[in-house]
Structure formats: structure tokens, C-alpha cells
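Undergrad: When you get a sec, could you give me coordinates for this:
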Amino acid sequence: MIQTRSLLSLGALALALLVTGCATAPPTPNVPSQDAAAVTQPATPARTSLATKKAAPATAPAQATTEAALSAITTATAATAPVVYLSAPADIWERIRRGYAMPDLDNDLVRDREQWYATRPDYIQRMTERSERYLFHIVEEIERRNMPMELALLPFIESAFNPQAVSSVKAAGMWQFMPATGQSFDLKQNVFRDDRRDVLASTRAALDYLQQLYNRFGDWHLALAAYNWGQGNVNRAITRNQKAGLPTAYTDLTMPLETRQYVPKLQAVKNIVARPETFGAQLPPIGNRPFFDTITLQRDMDVAVIASLAGVSEKDFRALNPSIKQPVVMASGTPNILLPWDNAVDFQRQLQSHKGPLASWTAWVVPSTMTAAQAAERVGMSESELRSVNNIPPRMLVRAGSSLLVPRSAHRDADVPEHVADNGQLSLQPEIILKRTTVKARKGENLALLANRYGVNAVSAAGWNKLAVNARLKPGQRVTLMLPQRVALASAEPVRKARQEDREETRQSSRSVKAAPVARGKNGKTESAVAQASIKGKKTARQAAPKTTRQAKAPATQKARGDTKVALNSKPAKKR
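TA: Next comes the predicted model:
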């Protein structure tokens, strides 16, 4: 009897739940995306996702029956029940429209941006066609995170869906990450790859960052302003308005023009996607299915080999893998690559039967600072090829610890290790190093003539010394120049010649110094100590003077003779 009653109770509960589901009204198409459940990625291109939405309240009898049945099990269940619709939108644009959840912005700036886009149908066509490769993945991620679907349109504003876009302030990729911000969200940036351009990594980082900003400001418009302008700037603008007793909504803040137009741009694109016919726009049909599949590499592989095995062009491969900067994919740093869905299957099949090397390139860490020619000789490349592959400009030395891409060889055939693939950097220093040097001006020389003597730009010399280019200089005046510490032989000649002339001039001036005259010699002529030194080599003037100088005729008086004798033969007195 107890078992029979239990079965009857379970049957009643199941019937009540069925009645509730049937009585639930379907939602309107504009349900916020945060009410949607996570959408699973289909296993094959033909499959479509299942959209899960909250249902409207049931009718009173059905609702009462449901609550009575559920109260026997738990009191935490709400009166409404989710309904799973078996038919999902066939078009990605419709899926985006259903996920709109941000409050609309309606002002003159929005209408101005709508007009701007509407008068440029070719631009809309190009950027929407470009988005075909990436939109499905972005929409999937946004739904999985329960975020507003307007965020899927943000790359239209940031980069027109160009993953290779670089701004004037060095922001890069589809989501336009600055270098420092990218590093804070673990987007690697080195000589081999730039994850700010990576489709998967940059989308993950962008949505992480946007969610972080929303959690801080509690408003999506303010979060978007902070994404564009910086959260510190937005926070200070809010603080200023609070101190002044003013509202702190997005439209109330004082901000740069670019940030003031940022949300209106997104609103304009949102409106065009929602009602393209109103603006005379044509959105290319994009199926609600994945465009690419993810392949995991076990070994380093050349980009050319991957493209060949997959049956795609290198251009199309790089469009899906824009973070790869070199002709080789390093498995330890970029283990996952993206291929068009059907081509991914072909790649895996062709890889199993592939014979021959997978990679012809590897990385070499420079052991000591050297020239590009020396590095090229060490790895068996021409200097021009080494410079071209590694982007080494002329007249630069490669510093120790730099990572260079070089051909594989018999003794250099291993895959690139993880620490090199993740942290490889190219560090350069000029071959010519300028050193601060003080030189002396010559008689009648101005700053321009002195600079020309040392092969230095006169304007630069004037700046270093805070003088006019034609400033007159006094003989021996000290002037500061930045002279090369180590230069090529041809360029060293002006500096070497100038320094040699300075040394010769110094020697000549020391010879021309007049010494005090001494007593007359046998020939009755006066000779100087310097002149005697020039004749006798390095002897002193007293040693070089003739003996008659010390034995000159005494004066007429005895006193004069005694004074002369003392003057010539006296020695310093001993100290007591």
C-alpha cells in the first residue's frame, strides 16, 4: 500500500510539472541575455545550439498545482520553470538581437553615429564580412558568461573586427589591448607571438576585463567608458561629480570626445543590427554554427606545412591565427591553432600520413653580445636573411640573451622550450655608442668650426652646450661633445685626426713658451733654457747651458764678484 501511494504521488507530481510547462507562455524575442543559460558548442557544423530562456508565469490553477507538488520536495523552487526550445536561430544576427540586455542610449550623438555608418555601406559590408570568422565564438563565450550580447558588437567599434589592427598608442588586436593591460591579463607579447591578437586569448581577456569593470562600477555604460578611457579616469570623473553634487551616470561625466562617443557608437551599431532595413544596411548572412575548430599541436610546425596539410592558404591561416609573428608555430608556446571547421578534419588526416620534417626553424639564444654578421655566421645564415627574419635594423648589435629565429641544423634540431617560446625577446644596442667628451677650442674658432673638426652636427653641439651655433669661442675654452666610443674605421678618421692635431698643437705651444734669459756665452749671444733643451734633448736648461755661463766675468767690485759666486754656486740650506 505504501509503495502504491508513493507511485501515485510521483505520477501526480510529474503530471503537475507537465501542465506547468504547457501553460508557460513563450518569451518575447528581446529577452536580456543574462536570462539565457550557457550554450554548448556543437560537435559538428550541422548542429545548432539550444537557447534556454526563463518562462513567463503560468496560469493560476497550474501554478497552484505545481507549488503544491514541489512543496513536498523543496521550498526553494520558484513558481516558474525553464523551457528549452528545440529550434535555435539559424542566423547569428538574430541570436545577437535576442541577447540585447543593456539599457538603450538615445541622444544626438547616437543619431550622429547612425548617420555616419548609414552613409558608409561599403564599410559596414567589409567589417561584417570580416566578423564572420569570429562572431560565433564570441557569442558563445558571452552567453556562457551570462553577459549582455551587445558586447559581441564591441570589436566593430574597437577594430572593425581586424585582429591585426594597431592604434596610434600601440593598442593591438580585435579588442585593442594596450601592452600593459594585456600583460595583466596574461596575454604574452614577445618576438614570436602577440596574444593580444589571438582570437581565443584576447576574447577571454576582454570579457574578463569587462566583467571586472562592471563589477566595479555596477553600470555597463560606465564599464565601457572605463574600457576605453581607463578605470582610474572614470573613477576620478565620478568623484568630481559627487563632490560637486552632480549625477554620475555616463552622460553626466566630463570625459574626452572619444570616450563620450564610445557608447553612442556601440548603440548605433546595435540599432543597425536590430533594424538593418531602417538604415538601408545589408548584413551578410552568417550561420549560427562554428566557423573554426581548435587543433592541439604536439610538435613545432612551419606555418607553410600546416597550411598545406589543411588545404588553406597561409593568408587564411594567419587570419584565424593572427598572434603568430614568425613562419613557425612553437607548440610549447602556442599549442592550440585554429582551422576552418572542415579543413581541421583534413589536417588531422593528412598529418597522420605526413612524411618529412614538420619544422625548418627553431630559436637560438644569443650567448654574448655580437654583430648581426657574427650571429649569422654562427647559425649558417646570410646577414641579410638573419636581419630580415628577426627584424634587426642596421648598425645595431644583438645583445646577449636575445632569442633569434634560425634554421634548424643537425646540432640544433630540438623544438623550442617553453621558457623561450613564452619569454623570447630581442634586445639591441647601437654599434656606435656616444660618450660625453670635453674638448678645447682653438684660436679664432667658433662652435660650428669646432663641431665640424670633430665630425659632429653643429646644431647638436649647440644644444649640448646651450650656445648659439656660431658662438665665438675663446682659445682653450672647454666644449662638451658626444663622440662615438666605438665606430667603424671610415667614420673614426675625422675624430682621430682632430685629436692628433690637438696633441701636436699642445706640443708646439710648449716649445714656444719663452724662458728667462741667462748670462751671455762665449759668442756674446743670449740663449734660453728651452732653446738649449731642444738642442740637448731631454736635459734641463741648467745642464744644457755652456760652462762659460757659470764662469762669466765677475763684476768690477769684489761685492759683485762675491754675490755672483754665491748666486751660481750656492746650495739650499739644510733645515735645522
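
Undergrad: Now do the SS call for the closest residue to Trp364 other than its chain neighbours.
TA: Distances taken as CB to CB, 6 or more residues apart in numbering put Val406 closest to Trp364, at 4.5 Å, once the chain neighbours are dropped. Placement of C-beta: from N, CA and C, glycine included. When classified by DSSP: H, G, I helix; E, B strand; the rest coil, Val406 comes out as strand.

Undergrad: for the stretch 51-200 of the chain, which spans come out with low pLDDT?
TA: Applying pLDDT under 70 to the stretch 51-200 of the chain flags residues 51-87.

Undergrad: Start from the N-terminal end of it and give the helices.
TA: 60-71, 92-98, 108-118, 121-130, 135-145, 154-158, 179-184, 199-217 (DSSP state H, counting those that start in this stretch).

Undergrad: Quick one, which of these gets closest to Asn288.
TA: Nearest of the helices of the stretch 51-200 of the chain to Asn288, taken as CB to CB: helix 92-98 at 5.1 Å.

Undergrad: Does that closest one pack against any helices or strands, and if so which?
TA: helix 135-145, helix 262-274 (3 or more CB pairs under 8 Å, 6 or more residues apart in numbering; DSSP states H and E).

Undergrad: how about CSV for those helices, with mean neighbour count added?
TA: Shown next, in CSV, are the helices and strands packed on helix 92-98 (neighbours: other CB atoms under 10 Å):
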stretch, mean neighbour count
helix 135-145, 21
helix 262-274, 22
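
Undergrad: out of these, nearest to Arg349?
TA: helix 135-145 (23.8 Å).

Undergrad: who does the closest one touch, helix- and strand-wise?
TA: Counting contacts by 3+ CB pairs under 8 Å, 6+ apart, helix 135-145 packs against helix 92-98, helix 199-217.

Undergrad: Buried residues, the longest one. List them.
TA: For helix 199-217, a neighbour-count test (16 or more other CB atoms under 10 Å) marks 199-207, 209-210, 213-214, 217 as buried.

Undergrad: got the contact list for the residue nearest to Trp364?
TA: Counting by CB atoms under 8 Å, 6 or more residues apart in numbering, Val406 makes contact with 361-364, 379-381, 386, 412.

Undergrad: next one: Asp300
TA: Applying CB under 8 Å, 6+ apart, we find Asp300 in contact with 328-332, 358-359, 361-362, 415-416.

Undergrad: And the strands in this protein, which stretches?
TA: 52-53, 83-84, 292-296, 301-302, 328-329, 336-340, 361-365, 370-371, 396-398, 403-407, 428-430, 434-440, 478-484 (DSSP state E).

Undergrad: mean pLDDT for these: which is lowest?
TA: Across the strands of the chain, the stretch with the lowest average pLDDT is strand 52-53; it has a mean of 35.

Undergrad: just so I know, which of the helices of the stretch 51-200 of the chain lies nearest Val439?
TA: Of the helices of the stretch 51-200 of the chain, nearest to Val439 by CB to CB is helix 179-184, at 41.6 Å.

Undergrad: Closest one of the contacts of Asp300 to Ile306?
TA: When the contacts of Asp300 are compared against Ile306 (criterion: CB to CB), the nearest one is Val329, at 6.6 Å.

Undergrad: can you count the residues close to the closest one?
TA: For Val329, the count of nearby residues is 28 (other CB atoms under 10 Å).

Undergrad: Repeat that for Glu377.
TA: Glu377 has 14 nearby residues by other CB under 10 Å.

Undergrad: For it, give me its contacts.
TA: Applying CB under 8 Å, 6+ apart to Glu377 gives no contacts.

Undergrad: ok, now with 10 Å
TA: Contacts for Glu377 (CB atoms under 10 Å, 6 or more residues apart in numbering) come out as 370-371, 383, 386.

Undergrad: Likewise for Asn423?
TA: 188, 190-192, 333, 403.

Undergrad: Dump the residues you listed to a markdown table, plus neighbour count and distance to Phe161.
TA: Listed next are these as a markdown table, based on neighbours: other CB atoms under 10 Å; distance: CB to CB, whole Å:
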| residue | neighbour count | distance to Phe161 |
| --- | --- | --- |
| Lys188 | 20 | 22 |
| Asn190 | 17 | 25 |
| Val191 | 20 | 26 |
| Phe192 | 25 | 24 |
| Gly333 | 24 | 25 |
| Ser403 | 21 | 31 |
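
Undergrad: that older thread, with distance to Leu266 as added columns, please give the buried residues of helix 199-217 in TSV.
TA: Converted to TSV, the buried residues of helix 199-217 look like this (distance: CB to CB, whole Å):
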residue	distance to Leu266
Val199	21
Leu200	23
Ala201	23
Ser202	18
Thr203	17
Arg204	20
Ala205	19
Ala206	14
Leu207	15
Tyr209	16
Leu210	12
Leu213	14
Tyr214	14
Phe217	16
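
Undergrad: for those residues, which one is nearest Pro285?
TA: Nearest to Pro285 among the buried residues of helix 199-217: Val199, at 21.2 Å, using CB to CB.

Undergrad: That closest one and Ala319, how far apart?
TA: According to CB to CB, to the nearest Å, Val199 and Ala319 sit 9 Å apart.

Undergrad: Report the set of residues contacting both of the two.
TA: Here Val199 and Ala319 have 133-134, 163, 338 as joint contacts, going by CB under 10 Å, 6+ apart.

Undergrad: Which members of those residues are the farthest-apart pair?
TA: Farthest apart among the shared contacts of Val199 and Ala319 - using CB to CB - are Pro163 and Leu338, which lie 11.1 Å from each other.

Undergrad: hey, what's in contact with both of the two?
TA: Here Pro163 and Leu338 have 133-134, 198-199, 319-322 as joint contacts, going by CB under 10 Å, 6+ apart.

Undergrad: Now distance to Glu258 too, for these, in TSV please.
TA: TSV is the format used below for the shared contacts of Pro163 and Leu338 (distance: CB to CB, whole Å):
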residue	distance to Glu258
Arg133	27
Tyr134	24
Asp198	26
Val199	25
Ala319	28
Leu320	30
Asn321	30
Pro322	25
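
Undergrad: Now do the contacts for Cys449.
TA: That one is not Cys; residue 449 is Leu. Contacts of Leu449 (CB under 10 Å, 6+ apart): 441-442, 458, 470, 473.

Undergrad: between Pro163 and Leu338, which one's more packed in?
TA: Between Pro163 and Leu338, counted using other CB under 10 Å, Pro163 has the larger neighbour count: 25 against 22.

Undergrad: All good on my end, thank you.
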